[in-house]
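Participant: only the shape, not the letters, is given here:
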């Protein structure tokens, strides 16, 4: 007998919203305005996106590549604040997939629905509220914690067996995080 599916989780960027292009543009804007780096940030940030790195690690990699040094804590905070403000503004139109009906239906069929992102949790919560999506999720998780840590938190907090959870994502890193937590996964193609 197959175990009952009790929880379904969704990746955020690239799965429920199409924001990868906006994120790369906003990071390029931050580096142009704050550090006078005019070229290369967008493509470098795009290359870092599928590597399951939290934004802070991506920022460190960009600093190393373009400024040949590590960022200070003050610079990391400034980028976080600046990027978050621009990112939220860029999503005014809420580029959601046509997924709300599916999420509503799933909510009636499982015990628990969660949203998981590598982006800062506070920003993810702001964006989901802005788009009216927050009401469908029992828990919203995000950075700075890694996806594996958050998946294990879900299992422990809600007393779920890995076989009772399904995670839906859009990147190879989503599959890897799911495997490390022994959770079933569905990978959406681009």
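Facilitator: Sure thing, it's come through. Values in this document were obtained by computation on a predicted structure and should not be read as measured data.
Participant: any idea which strand is longest in this structure?
Facilitator: Using DSSP state E, we find that the single longest strand of the chain is strand 112-120.
Participant: helices or strands up against the next helix or strand after it?
Facilitator: Note on strand 112-120: by DSSP states H and E, the next helix or strand toward the C-terminus is helix 121-131. With contacts taken as 3 or more Cβ pairs under 8 Å, 6 or more residues apart in numbering; DSSP states H and E, helix 121-131 sits against helix 73-90, strand 112-120, strand 139-143. Where you see a C-beta, it was placed from the backbone N, CA and C, and this is true even at glycine.
Participant: make a markdown table out of those and add mean pLDDT, distance to residue 6 and mean neighbour count.
Facilitator: Below are the helices and strands packed on helix 121-131 laid out as a markdown table (pLDDT from 0 to 100; distance: least, Cβ to Cβ, whole Å; neighbours: other Cβ atoms under 10 Å):
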| stretch | mean pLDDT | distance to residue 6 | mean neighbour count |
| --- | --- | --- | --- |
| helix 73-90 | 79 | 33 | 15 |
| strand 112-120 | 90 | 6 | 22 |
| strand 139-143 | 91 | 14 | 19 |
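Participant: quick revisit: helices or strands up against the longest strand of the chain?
Facilitator: Using 3+ Cβ pairs under 8 Å, 6+ apart as the contact test, the elements touching strand 112-120 are strand 7-11, helix 55-62, helix 100-109, helix 121-131, strand 139-143, helix 147-157.
Participant: starting at the chain centroid, how far to that strand?
Facilitator: 7 Å (Cα atoms, centre = their mean, to the nearest Å).
Participant: report the inter-axis angle for that strand versus strand 7-11.
Facilitator: If you take axes from the mean of the first three to the mean of the last three Cα atoms, to 10 degrees, strand 112-120 sits at 20 degrees to strand 7-11.
Participant: contacts for strand 112-120?
Facilitator: With contact meaning Cβ atoms under 8 Å, 6 or more residues apart in numbering, strand 112-120 is reached by 6-13, 16, 52-55, 80, 84, 103, 106-107, 124, 128, 133, 136-144, 146-147, 150-151, 154, 158, 160, 167.
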